[in-house]
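Engineer: predicted model, plus sequence, below.
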Amino acid sequence: MNKESIGVGLDIGTTKIVAMIGKKNEYGKLEILGVGKSKSLGVHRGVVNNITQTIQSIQQAILEAENNSGYKINDVVVGIAGQHIRSIQHSDYISRKNPEEVIGEYDIEQLTCQVQNLSMLPGEEIIHALPQEFKIDGQSEILEPVGMYGARVESSFHIVVGQAASIRNLGRCVKNAGLELTGLTLEPLASSDAVLSEEEKEAGVALIDIGGGTTDLAVFKNGVIRHTAVIPFGGNVITEDIKEGCSIIEKQAELLKTRFGSAWPGENKDNEIVSIPGLRGREPKEISLKNLSKIIHARVVEIIEQVYAEIKLYGHDESKKKLIAGIVLTGGGSQLQHIKQLVEYITGMDTRIGYPNEHLAGNSSEELSSPLYATSVGLVMESLRNQTNSATPFIEMKTPEPVAVIAPEPVVENPVEDVVVEDLKPTPTPTVLKESQERKKKYDFNNLLGKIKEFLDNVE
């Protein structure tokens, strides 16, 4: 009997860390088994700057997800973002020894591995090498080369590059939290899996994921990723501006932004005022909602203009590269009031808010359908594609214990005492028991080796 595939995604963001466990139901939809969420400490603009605090935050989120789901998490797919991420276009080719053989997956893997060995700037590492169109013996615009004939296979690649030190720090945090890292995915790619349809990717669409520390961009056209970028500004910068502009503490600024904030100042009347309690018995502070909206508007315009510059850099103005499906906003920042209208006003492109509910099972809670969880849902989907059993039910883990440790003693002792000594050789039962004992010893020894290896890894 095949075990069901369980996927686990870990979104290490600037404001929150989310661990999500899920599996596919009989209709192919994603069923969320458990979610754990913790305040992100030690991450700044998508980059780890305090290992200890990040490990603690990861462990807290993992523990909550395990308690909610009844599953023990073994390995995770992690999302990566940060201002160190950049993307480049590169073309490469391979010459095949036997052009009479059909092109197979092996040839594509060989070409991709060749690109992975591309020399980068000092301290940089390739995160993704994503093939776009292929060219076979001069015939261009081939999207699926497998099964065709040809001597020379060429492809253009979209290569995502990041700082090696930042990637290793992220990996170390996951490992020290007691988890195995099975995949590293660029966060806007994960979000795009969760909120974009194949039709949108085909027509041309720009996904803007407004997070706490960064704003991520992914541009798709003809079903293929064309451009990615990470802008080092997000919701936290807006909160910081409110804090400075209104002379209040960060907690109050965040509450003001989420409850009363708007990206369009014209929506608020001059006499709309919110009162904030003073610190330590001081007089309450009155803040005009129009002024609050002006502060938010100024920063959001700056973020959107930077993203729009990246969309123009891709070549949106060219007729062949036009993004017919417009813009999809997701992430926590997309929940800001009137941000959709502001983005349409600045870019002149059709805009909608992206929710991950299209891929979620019908019984999922309303909270999980929030744009806040778009990246987490995308990471679980990526983990399921790896076809690994990333989490084990606690019940399954508990059942082998009495069998492996307690059961052998009575089973082995009784036959040895009851059976006559001369009958011991011809009777097959003790031999089977002996082999069973040896297997159990090996099992225990392998467990011990695994624990020693884990201990040594942690020491390193």
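Structural biologist: Structure's in. What do you need? These numbers come from a predicted model, not from an experiment.
Engineer: now do the SS call for P99.
Structural biologist: coil (DSSP: H, G, I helix; E, B strand; the rest coil).
Engineer: which residue packs closest to it, ignoring adjacent ones?
Structural biologist: Closest residue in space to P99, ignoring its immediate chain neighbours: A151 at 3.8 Å, by Cβ to Cβ, 6 or more residues apart in numbering. (Glycine included, C-beta is placed from N, CA and C.)
Engineer: phi, psi for that neighbour please.
Structural biologist: phi -100, psi -30 (degrees, to the nearest 10).
Engineer: please give me every residue in contact with L170.
Structural biologist: Taking Cβ atoms under 8 Å, 6 or more residues apart in numbering, we find L170 in contact with 12, 48, 78, 80, 184.
Engineer: ok, 7 Å please
Structural biologist: L170 sits next to 12, 48, 78, 80 when contact means Cβ atoms under 7 Å, 6 or more residues apart in numbering.
Engineer: what about burial for those residues, which qualify?
Structural biologist: When burial is judged by neighbour count using 16 or more other Cβ atoms under 10 Å, the buried members of these are 12, 48, 78, 80.
Engineer: the residue nearest to P99 reaches S95, doesn't it?
Structural biologist: Yes. Counting by Cβ atoms under 7 Å, S95 is a contact partner of A151 at 6.4 Å.
Engineer: neighbour-wise, which of the two wins?
Structural biologist: Per other Cβ atoms under 10 Å, whichever of A151 and S95 has more neighbours is A151, with 13 against 10.
Engineer: would you map the helices across the stretch 251-400 of the chain?
Structural biologist: Applying DSSP state H, counting those that start in this stretch to the stretch 251-400 of the chain gives helices spanning 289-314, 339-347, 374-385, 394-398, 400-401.
Engineer: which intervals of the stretch 301-450 of the chain have sub-threshold pLDDT?
Structural biologist: 396-450 (pLDDT under 70).
Engineer: do that again at 50, thanks
Structural biologist: 399-401, 403-405, 407-436, 438-443, 445 (pLDDT under 50).
Engineer: and if you look at the stretch 101-250 of the chain?
Structural biologist: By pLDDT under 50, the stretch 101-250 of the chain has no low-scoring segment.
Engineer: tell me the first helix or strand C-terminal of the helix or strand where T182 lies.
Structural biologist: Using DSSP states H and E, T182 sits in strand 180-186. Of the helices and strands lying after strand 180-186 in sequence (DSSP H and E), the nearest is helix 187-195.
Engineer: ranking the helices of the stretch 251-400 of the chain by burial, who's on top?
Structural biologist: helix 374-385 (a mean of 27; mean count of other Cβ atoms under 10 Å).
Engineer: partner strands of whichever helix or strand I225 is part of, parallel or antiparallel?
Structural biologist: Using DSSP H and E, I225 falls within strand 224-231. If you go by DSSP bridges, strand 224-231 pairs up with strand 215-221 (antiparallel).
Engineer: where do the strands sit along the stretch 301-450 of the chain?
Structural biologist: 327-330, 351-353, 391-393 (DSSP state E, counting those that start in this stretch).
Engineer: and of those, who's closest to E26?
Structural biologist: Set against E26 and scored by Cβ to Cβ, the strands of the stretch 301-450 of the chain come closest in strand 391-393, at 18.6 Å.
Engineer: report the buried residues of that closest one.
Structural biologist: Neighbour-count burial for strand 391-393 flags 391, 393 (criterion: 16+ other Cβ under 10 Å).
Engineer: likewise for stretch 163-181?
Structural biologist: Neighbour-count burial for stretch 163-181, with 16+ other Cβ under 10 Å as criterion, is recorded at 163, 166-167, 169-170, 172-177, 179, 181.
Engineer: before we move on, what about stretch 342-362?
Structural biologist: 342-343, 347, 349, 351-352, 354-357, 359-361.
Engineer: same check on stretch 241-252?
Structural biologist: Residues of stretch 241-252 classed as buried: 241-243, 245-246, 248, 252 (neighbour count, 16+ other Cβ under 10 Å).
Engineer: so how far is R86 from H128?
Structural biologist: Between H128 and R86 the computed distance is 12 Å (Cβ to Cβ, to the nearest Å).
Engineer: ok, these two, which is more surrounded?
Structural biologist: Shown here are H128 and R86; by other Cβ under 10 Å, H128 has more neighbours (19 against 15).
Engineer: what secondary structure does that one sit in?
Structural biologist: strand.
Engineer: surely it meets P188?
Structural biologist: No. With contact defined as Cβ under 7 Å, H128 does not reach P188; the gap is 11.0 Å.
Engineer: can you lay out the buried residues of stretch 163-181 as JSON lines showing distance to I136 and secondary structure?
Structural biologist: What follows is those, written out as JSON lines (distance: Cβ to Cβ, whole Å; DSSP: H, G, I helix; E, B strand; the rest coil):
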{"residue": "Q163", "distance to I136": "36", "secondary structure": "strand"}
{"residue": "S166", "distance to I136": "37", "secondary structure": "helix"}
{"residue": "I167", "distance to I136": "34", "secondary structure": "helix"}
{"residue": "N169", "distance to I136": "41", "secondary structure": "helix"}
{"residue": "L170", "distance to I136": "38", "secondary structure": "helix"}
{"residue": "R172", "distance to I136": "42", "secondary structure": "helix"}
{"residue": "C173", "distance to I136": "43", "secondary structure": "helix"}
{"residue": "V174", "distance to I136": "40", "secondary structure": "helix"}
{"residue": "K175", "distance to I136": "41", "secondary structure": "helix"}
{"residue": "N176", "distance to I136": "46", "secondary structure": "helix"}
{"residue": "A177", "distance to I136": "45", "secondary structure": "coil"}
{"residue": "L179", "distance to I136": "41", "secondary structure": "coil"}
{"residue": "L181", "distance to I136": "36", "secondary structure": "strand"}
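Engineer: nice, that's everything, thank you.
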